[in-house]
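S.K.: quick check, what structure comes out for this input:
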Amino acid sequence: MSKPGGCEPRVGVIGGSGLYDMDGLEDTRTHRIETPFGDPSDAIVTGILGGARVAFLARHGRGHRFTPSEINYRANLFAMKSLGVQQVIAISACGSLRSRIHPGDVVVPDQLFDFTKTRDRSFFGGGLVVHLSTADPFCGRLSGRIAEATETAGGRVHPSGSFITIEGPRFSTKAESHVFRQWGMDIIGMTTSPEAFLAREAEMCYAVMAHVTDYDVWHETEEPVSVEALLNTLAANTTLALDALRRLVPALAAEPRTCACASALAGAIITAREHIPRGVIEQLTPILGPHVD
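M.R.: Numbering: from 1, shown residues only. Reported below is the predicted structural model:
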């Protein structure tokens, strides 16, 4: 696995649909990271933003080459971890399931419902069993900071909400959309699961800046979601996202983590240490760290 040189980035940004590069970075370096899980979606670019080094990865690859189900989430998060990233800001597009949440708004969700079916959800297995707590799947501290920065940048922000991740790549049927509303979901997207859970396994703080592009298909007075409408809204929101990141990244890099994310694996590993295969320990060294010493 290739190793980066120089100062390690403490903050990583994963850009979703419409955000494939991060403008304003200085002293940029490109890292092509090899992981035990294959290749990340693209090279990770690190650079200086407001005096702090940040890592950026395009979730779908530059040019939007991977469907939500084709994204190698494990490789993406493992590569971020290997670069030294401790906090991940995920930028995502989403649909609204509530009339009070309008296209153009930003939601920073506090709950997550995984309705995907085919994705690799864990780094662990192969002789290592880990039962991780995900009652609160997002880092509350990081979520609060994202909400504050986005509001300061001029965004209309909802600081909480339940986010359901569907498999995709198709959009929902009307029947599905109405059921998701009955379940109490507020927004819908295709990529936050298993990304959030993998970040927790890697003991990285993780939170989402979810940009609302449409009303899904439940809203009878609105046109059904289309790629054209989605991209138009995302283009406007990209400026907002970058403005918020310029305020947020330097502050996050300078302040200590006061949450429990950094010790998420403490007490979660159930396999007796002497029975964990040596190859698994070596493969997952960036994640397991002192937990298996």
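
S.K.: ok, Gly184 touching Ile164?
M.R.: No - look at Gly184 against Ile164 with CB atoms under 8 Å: they stay out of range, at 9.5 Å. Glycine gets a C-beta too; all of them are placed from N, C-alpha and C.

S.K.: more neighbours: those two, which one.
M.R.: Using other CB atoms under 10 Å as the criterion, Gly184 and Ile164 rank with Ile164 on top: 28 against 11.

S.K.: Ser177 versus that one, what's the distance?
M.R.: The gap separating Ile164 from Ser177 is 10 Å, by CB to CB, to the nearest Å.

S.K.: quick check: neighbours shared by those two?
M.R.: The contact sets of Ile164 and Ser177 overlap at 97, 188 (CB atoms under 8 Å, 6 or more residues apart in numbering).

S.K.: where do the strands sit along this protein?
M.R.: With strands called from DSSP state E, the chain shows them at 11-15, 26-31, 44-49, 52-58, 87-96, 106-107, 111-115, 157-158, 162-166, 187-189, 205-214.

S.K.: endpoints of stretch 66-77, how far apart?
M.R.: 16 Å (CA to CA, to the nearest Å).

S.K.: buried set for it?
M.R.: Buried residues in stretch 66-77, defined by neighbour count with 16 or more other CB atoms under 10 Å: 66, 68, 71-77.

S.K.: sitting in helices, which of the residues you listed do you find?
M.R.: Secondary structure assignment (DSSP state H) places 73-77 from the buried residues of stretch 66-77 within helices.

S.K.: who does Ala207 form a beta bridge with?
M.R.: Ile89 (DSSP bridges).

S.K.: scan the helices and strands of this protein for the one with the lowest mean pLDDT.
M.R.: helix 227-254 (a mean of 84; mean pLDDT, DSSP states H and E).

S.K.: which residues touch the residue nearest the centre of the chain?
M.R.: For the chain, the residue nearest the mean C-alpha position is Ala90 (3.6 Å; CA atoms, centre = their mean). Shown in contact with Ala90 (CB under 8 Å, 6+ apart): 13-14, 16, 59, 191-192, 195-196, 206-209.

S.K.: by pLDDT, give me the weakest of those residues.
M.R.: When the contacts of Ala90 are compared by pLDDT, Gly16 scores lowest at 85.

S.K.: pretty sure it contacts Arg59?
M.R.: Yes - contact criterion CB under 8 Å: Gly16 and Arg59 qualify, at 5.3 Å.

S.K.: quick check: Ile287 touching Met80?
M.R.: No - Ile287 is beyond contact range of Met80, at 11.0 Å (criterion: CB under 8 Å).

S.K.: so between those two, which is more surrounded?
M.R.: Per other CB under 10 Å, whichever of Ile287 and Met80 has more neighbours is Met80, with 29 against 21.

S.K.: excluding chain neighbours, what is closest to that one?
M.R.: Gly12 (4.5 Å; CB to CB, 6 or more residues apart in numbering).

S.K.: that neighbour reaches Arg53, doesn't it?
M.R.: No - under the criterion of CB under 8 Å, Gly12 lies out of contact with Arg53, with a separation of 10.3 Å.

S.K.: looking at the two, which is more packed in?
M.R.: The neighbour comparison of Gly12 against Arg53 (other CB under 10 Å) goes to Gly12, with 29 against 23.

S.K.: and the pLDDT at the more buried one?
M.R.: pLDDT, read off for Gly12, is 97.

S.K.: how near is it to Ile287?
M.R.: From Gly12 to Ile287 the distance is 15 Å (CB to CB).

S.K.: where does the chain have low pLDDT?
M.R.: Where the chain drops to pLDDT under 70, the residues are 1-6, 221-227, 229-231.

S.K.: kindly recompute the last result at 80.
M.R.: 1-7, 17-18, 220-236, 293 (pLDDT under 80).

S.K.: which non-adjacent residue is nearest Asn72?
M.R.: Nearest one to Asn72, counting by CB to CB, 6+ apart, is Gly38 at 5.3 Å.

S.K.: whoops, I mixed them up, His291
M.R.: Leu265 (5.1 Å).

S.K.: give me the number of residues near Cys7?
M.R.: Cys7 has 13 neighbours, counted by other CB under 10 Å.

S.K.: wait, doesn't it sit right on Gly51?
M.R.: No - with contact defined as CB under 8 Å, Cys7 does not count as touching Gly51 (10.9 Å).

S.K.: do you know how far the residue lying closest to Ala262 once chain neighbours are set aside is from Ile187?
M.R.: Nearest residue to Ala262, sequence neighbours excluded (CB to CB, 6+ apart): Glu203, at 5.3 Å. Distance from Glu203 to Ile187, counting by CB to CB: 26 Å.
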